[in-house]
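K.L.:
return atomic coordinates for the entry below.
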Amino acid sequence: MIKIGTFFLIYLFLPGLILKLLFFRKDENISSLSWIPLIFIFSIIIFNLYSLSAYIFHFSHKLVFCLVISTSFVSIILLLFCSPKNRKKLFKKDKFSIFAILTFLLTGCIILFLAYYGAALHGDALGFLGIIRKIAGSSKIYNYAAFYKESQFDVTYFNNPWFLLISNVIYMTKEDLIKVWLILPIFLAPLMILSIYSAGKTIFNSTKGGWLSAIVFILIYGISEGMWPMRTSNFPQVLNYFIFFPASLNLSFLYLKYRKPRYMIFASLIGFTMFFLHPVGILIFSISLGSFAVGIFLLKSNKEDAKLILFILIITFILLLPHILYRLPTIKFNNYFYKILRAEDKVILSKNLFYLNPARLFAPHYLVEPEFPVKKIYKFYPRISYIFAFLVLFPLLLKYLKKDDSAVFIFSNMITVPFVVLNPILLFFLKYIIPLQILNEFTQISPVVFIYAFFLLKILQKMDNYMKPKNSEMVLFSFLFFIFLFPIFNRNLVWRLSHEPYPITFDSQNAVIRPEYPIYGFKINPVLSYMSKNISPLSVILANKELSLIVPAFCNNYVAVTYVGHVSAIVKDQNLREKVIKTVLNSTNIEEIKRALAKYKVKYILLYIEETNEKDFRKNKDVFKQIYYDNNFVIFKVKKY
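P.N.:
The predicted structure is shown next:
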């Protein structure tokens, strides 16, 4: 843990300190707590430049590490050369209130939760781990597909700096990838909370507004969603939503207030980096700031501020243009993959024209679209959210539009999101360009956290008129504290705690063992451990689709067939691949099996004991050699085709 923590300090904080020391040394507008996520983001901005070069020119891992360590060394030298007097002025102290105490208390509970349960190890994580493991297993830096040797890498994660950063740490430390992946959220979840706090503080021009934003974030995206965003905080898209995007808002509002070019430049650099983490991030960044610019122009007739916001977007896209032009030739339209998405769209629209649930604009989707049976009372929550939004929030926002930029920001985003993703006329055209599943990501633009923080802040200000500020804070503090115990908010957390009892555990060799995979009831760790140590790297393994989804995350190998999905394989011959596994598992004709295996250069076959064509494999010892056997699984090596 100490070793991993030291490496992440070198990678994630020391490089960013250079930008702080060079461009923000005397800045008094950003407080010390706000600097923590910003220095992290600045480090990723610098690493993104190294990452781009590494992918294009195929650097070695050692060269990437040398670049990082050199940057960290320079930042330490610059810090040492600061006089003690100037060093004290580097970070402005924050103002604390009773809401800060609640925020820190809840953050501590979240860290303890994550230390026990760790990061998510299913869903998209399996694809991410497959990509990271292949980058870490190569001496040179390339883009890799997670599952299929012949498939194009996923263009969504092309030249991804986050994957390279983790793989470089793995390569240099020789630590277990799963172990590093599991503990990453312990570092990242507090950064999410601090980034939301910083954005709220700047948007509302109030420290209390910042703490209230952080508390609302923990309530909505932490407690009510069973800590899922915290457990997936190492996903690149989640980094975008809850660390980078709030930081871009923070610097954009500072630019409006103080007109200092450095805020504009770094807000643009954040938007630039968001594109490389996950392209949807730049869409959220653009639509949110674009709607804010239009809102300022139309609602406040403030052309100057609207120009400043648009200037941030223009600079961002100028920075991105060379890479977009370089990247376009690498993108191949995949008819098979998009046919699947279109087929799903038809099913979705046949069941619900408004698949993009409007209630998600005013509440997290776990409250609106629970994944498990709920009582009838909870099914009314979407309707309640509409009523609350249109009868309470909109009138309140309209009251402050002329005098409060935060009200303009929230109002313009609340109007824009439904127009973009819930407009039936626009949806009719958009669905031919962007699949509905991807469009649904745009609901992240909705400033849900800031909507409710704005509402609570105005309540607090009204209460100050009738009682002492400390008393009004205590009343609101008590309300917020007890609301965490209310079943409608914590039922998802309780459900996850009772249905996912998978704490992090380690074996005698310090390797992670935890049965949190799609295959429940099987001890899969022994076979995965054997494969990672004894099977040739990057060789192709054939197993059923469910097992094949897991294998690349834990072993540096490709598979012959698995599911098609967000980070799964994108190939034209998916149907043929699925026939291959049926042939291998069901056919009794050895020549037919050999032809199927040869087509995808399969070197190993992983089977459940129940998938008993194994007796036929054992009979053909000149073709198959059994190399592993336990109570659940058997592995055969293909000797020849």
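
K.L.:
spatially central residue in this protein, please.
P.N.:
Val238 (2.4 Å; Cα atoms, centre = their mean).

K.L.:
need the nearest residue in space to it, chain neighbours excluded.
P.N.:
Sequence neighbours aside, Thr232 is the residue nearest to Val238 in space, at 5.0 Å (criterion: Cβ to Cβ, 6 or more residues apart in numbering). C-betas here are computed from N, CA, C, even on glycine.

K.L.:
can you check Arg577 too?
P.N.:
Going by Cβ to Cβ, 6+ apart, Arg577 has Val561 as its nearest residue, at 3.9 Å.

K.L.:
report how many residues lie close to the one you found.
P.N.:
26 (other Cβ atoms under 10 Å).

K.L.:
where does it sit: helix, strand or coil?
P.N.:
coil (DSSP: H, G, I helix; E, B strand; the rest coil).

K.L.:
where in the stretch 201-350 of the chain is pLDDT low?
P.N.:
327-350 (pLDDT under 70).

K.L.:
what ranges do the helices span in it?
P.N.:
In the stretch 201-350 of the chain, helices defined by DSSP state H, counting those that start in this stretch lie at 207-217, 228-231, 236-239, 245-258, 261-277, 279-300, 303-327, 335-351, listed in chain order.

K.L.:
contacting residues for Thr232?
P.N.:
119-120, 124-125, 185, 238 (Cβ atoms under 8 Å, 6 or more residues apart in numbering).

K.L.:
what about those, which one has the most neighbours?
P.N.:
That'd be Pro185 among the contacts of Thr232, by other Cβ under 10 Å, with 29 neighbours.

K.L.:
test my guess that that residue contacts Asn234.
P.N.:
Yes. Counting by Cβ atoms under 8 Å, Asn234 is a contact partner of Pro185 at 5.9 Å.

K.L.:
what do these two both touch?
P.N.:
Ala119.

K.L.:
where's the residue nearest to Val238 relative to Ala189, distance?
P.N.:
10 Å (Cβ to Cβ, to the nearest Å).

K.L.:
how about Gly200?
P.N.:
Look at Gly200 and Ala189: by Cβ to Cβ, they are 17 Å apart.

K.L.:
who has more neighbours out of those two?
P.N.:
Neighbours per residue (other Cβ under 10 Å) separate Gly200 from Ala189, with Gly200 holding more: 31 against 25.

K.L.:
how about the more buried one, what does it touch?
P.N.:
209-214, 449-450, 453.

K.L.:
which of those lies closest to Asn557?
P.N.:
Val449 (41.1 Å; Cβ to Cβ).

K.L.:
show me what the helix or strand containing the closest one is packed up against.
P.N.:
Assigned by DSSP states H and E, Val449 falls within helix 448-463. Other elements packing on helix 448-463 under the criterion 3 or more Cβ pairs under 8 Å, 6 or more residues apart in numbering; DSSP states H and E are helix 177-203, helix 207-217, helix 394-400, helix 405-421, helix 469-483.

K.L.:
can you give me the helices in the stretch 501-641 of the chain?
P.N.:
Using DSSP H, counting those that start in this stretch, helices in the stretch 501-641 of the chain cover 525-534, 545-554, 574-586, 590-599, 614-619.

K.L.:
over to the stretch 51-200 of the chain?
P.N.:
Taking DSSP H, counting those that start in this stretch as the criterion, the stretch 51-200 of the chain carries its helices at 61-81, 84-88, 98-117, 124-136, 161-173, 177-203.

K.L.:
the fourth one packs against which elements?
P.N.:
Right, the one you point to is helix 124-136. Using 3+ Cβ pairs under 8 Å, 6+ apart: helix 124-136 touches helix 161-173, helix 177-203, helix 545-554.

K.L.:
out of the ones you listed, which is the most enclosed?
P.N.:
For those, the largest average neighbour count (mean count of other Cβ atoms under 10 Å) is found in helix 177-203, namely a mean of 24.

K.L.:
next, the angle helix 124-136 makes with it.
P.N.:
Angle, helix 177-203 to helix 124-136, by axes from the mean of the first three to the mean of the last three Cα atoms, to 10 degrees: 110 degrees.

K.L.:
quick one: distance of helix 177-203 to the chain centre.
P.N.:
11 Å (Cα atoms, centre = their mean, to the nearest Å).

K.L.:
how deep is the closest residue to Phe187 other than its chain neighbours tucked in, by neighbour count?
P.N.:
Closest residue to Phe187 apart from its sequence neighbours, by Cβ to Cβ, 6+ apart: Phe8 at 6.1 Å. Using other Cβ under 10 Å, Phe8 has 20 neighbouring residues.

K.L.:
can you read off the pLDDT for Phe8?
P.N.:
Here the pLDDT value assigned to Phe8 is 84.

K.L.:
ok, then the element right after the helix or strand hosting it?
P.N.:
Using DSSP H and E, the element containing Phe8 is helix 2-12. With elements assigned by DSSP H and E, the helix or strand that comes after helix 2-12 is helix 14-23.

K.L.:
quick one: contacts of that next one?
P.N.:
So helix 14-23 is in contact with 35, 38-47, 68, 71-72, 74-76, 78-79, 82, 90, 262, 266, going by Cβ under 8 Å, 6+ apart.

K.L.:
go again using 7 Å as the cut-off
P.N.:
35, 39-43, 46-47, 68, 71-72, 74-76, 78-79, 262 (Cβ atoms under 7 Å, 6 or more residues apart in numbering).

K.L.:
the residue nearest to Arg577 contacts Lys579, doesn't it?
P.N.:
No. The pair Val561 and Lys579 fails to qualify as a contact (Cβ atoms under 7 Å) at a distance of 9.0 Å.

K.L.:
counting neighbours, what do you get for Leu542?
P.N.:
What Leu542 shows, counting by other Cβ under 10 Å, is a neighbour count of 26.

K.L.:
what's opposite it in the beta bridge?
P.N.:
Ile605 (DSSP bridges).

K.L.:
I'd say it and Thr583 touch.
P.N.:
No. With contact defined as Cβ under 7 Å, Leu542 does not count as touching Thr583 (10.2 Å).

K.L.:
what residue ranges in the stretch 1-150 of the chain are flagged as low confidence?
P.N.:
1, 83, 85-89, 150.

K.L.:
and what of the stretch 401-550 of the chain?
P.N.:
In the stretch 401-550 of the chain, residues with pLDDT under 70: 417-446, 484-525.

K.L.:
kindly recompute the last result at 50.
P.N.:
501-522 (pLDDT under 50).

K.L.:
any idea of the pLDDT on the most far-flung residue of the chain relative to its centre?
P.N.:
Centroid-distance maximum for the chain: Lys619 at 47.9 Å, with Cα atoms, centre = their mean. If you check Lys619, the pLDDT there is 70.

K.L.:
state the distance from it to Phe636.
P.N.:
For Lys619 relative to Phe636 (Cβ to Cβ), the value is 12 Å.

K.L.:
now do the contacts for Lys300.
P.N.:
Counting by Cβ under 7 Å, 6+ apart, Lys300 has contacts 402, 408.

K.L.:
hang on, the earlier thing: and the helices of the stretch 501-641 of the chain, which is most packed in?
P.N.:
helix 545-554 (a mean of 23).

K.L.:
quick one, that one and helix 124-136 angle?
P.N.:
Using the same axes, to 10 degrees: helix 545-554 against helix 124-136 is 40 degrees.

K.L.:
run the chain-centre distance for helix 545-554.
P.N.:
On Cα atoms, centre = their mean, the centre of helix 545-554 falls 21 Å from the chain's centre.

K.L.:
contact partners of that helix?
P.N.:
With Cβ under 7 Å, 6+ apart, helix 545-554 has contacts from 126, 129-130, 133, 146-147, 178, 517-519, 528, 532, 541, 543, 557-559, 561-563, 606.

K.L.:
and what of stretch 92-101?
P.N.:
Residues contacting stretch 92-101 (Cβ under 7 Å, 6+ apart): 28, 31-33, 207-208, 211-212, 215, 473-474, 477.

K.L.:
got a markdown table for those, with distance to Ala293 and neighbour count too?
P.N.:
Listed next are those as a markdown table, based on distance: Cβ to Cβ, whole Å; neighbours: other Cβ atoms under 10 Å:
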| residue | distance to Ala293 | neighbour count |
| --- | --- | --- |
| Glu28 | 27 | 8 |
| Ser31 | 26 | 19 |
| Ser32 | 30 | 11 |
| Leu33 | 28 | 22 |
| Thr207 | 26 | 19 |
| Lys208 | 27 | 23 |
| Trp211 | 28 | 27 |
| Leu212 | 26 | 31 |
| Ile215 | 29 | 30 |
| Glu473 | 34 | 19 |
| Met474 | 39 | 13 |
| Phe477 | 36 | 16 |
